[in-house]
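In: Fold the following.
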Amino acid sequence: MTTVLLVDDEKLIQRSLEKTLLRAGFDVLTASDCKSGSEVFSQNKNEVNIAVLDLNMPGFDGTPKTGAGFDLLDDLKMKKASLPVVILTAYDEVNKAKDAVSRGASAFFVKGREQGLVELIQKILG
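Out: Numbering: from 1, shown residues only. Below you'll find the model as predicted:
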């Protein structure tokens, strides 16, 4: 079974993505900020196959932060260097996409086409 760690602070988006991933046959662990995302990952490190992280959400100190997903990306990569990570964003920001990939993310995905995310995850996990 493939397990996805999904971290997004927007409840409706998180629920929608979680449903889409569950329907596609993935196990899904959810969190809504960097701190809880890091904790959930640490507790399930061996089960998590891929992480999907929102770009902008509360950071490790609990306050909303632009680019907080990068901090969590760095944190997860320190714990498991081989972990594929997809960064989610609401906006099509090409420079951020390049940042995400240069910082070790496998891909960058603009929210809104949930089925596309399923296909992207399947492609990354191949």
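In: and the worst-scoring helix or strand of the chain on mean pLDDT, which residues are buried?
Out: Here the helix or strand of the chain ranked lowest by mean pLDDT, DSSP states H and E is helix 94-102, holding a mean of 83. Neighbour counts over helix 94-102 (16 or more other CB atoms under 10 Å) mark Lys96, Ala97, Asp99, Ala100 as buried. For the C-beta atoms, the positions are set from N, CA and C on the backbone; glycine is no exception.
In: Return the member of those residues nearest to Met78.
Out: Within the buried residues of helix 94-102, the smallest distance to Met78 is 16.5 Å, found for Ala100 (CB to CB).
In: So which residues of this protein form helices?
Out: 11-23, 34-43, 68-79, 94-102, 114-125 (DSSP state H).
In: Which neighbouring elements make contact with the least confident helix or strand of the chain?
Out: On a contact count with 3 or more CB pairs under 8 Å, 6 or more residues apart in numbering; DSSP states H and E, helix 94-102 meets helix 68-79, strand 85-89, strand 107-110.
In: got the angle for that helix vs strand 85-89?
Out: Helix 94-102 and strand 85-89 are oriented at 160 degrees to each other (axes from the mean of the first three to the mean of the last three CA atoms, to 10 degrees).
In: what does helix 94-102 rub up against?
Out: The set of residues external to helix 94-102 that reach it, using CB atoms under 8 Å, 6 or more residues apart in numbering, is Leu55, Gly67, Gly69, Phe70, Leu73, Ile87, Thr89, Ala107, Phe108.
In: Identify the residue spatially nearest to the fourth one, adjacent ones excluded.
Out: In this structure, Phe70 finds its nearest non-sequential neighbour in Arg103, 5.9 Å apart by CB to CB, 6 or more residues apart in numbering.
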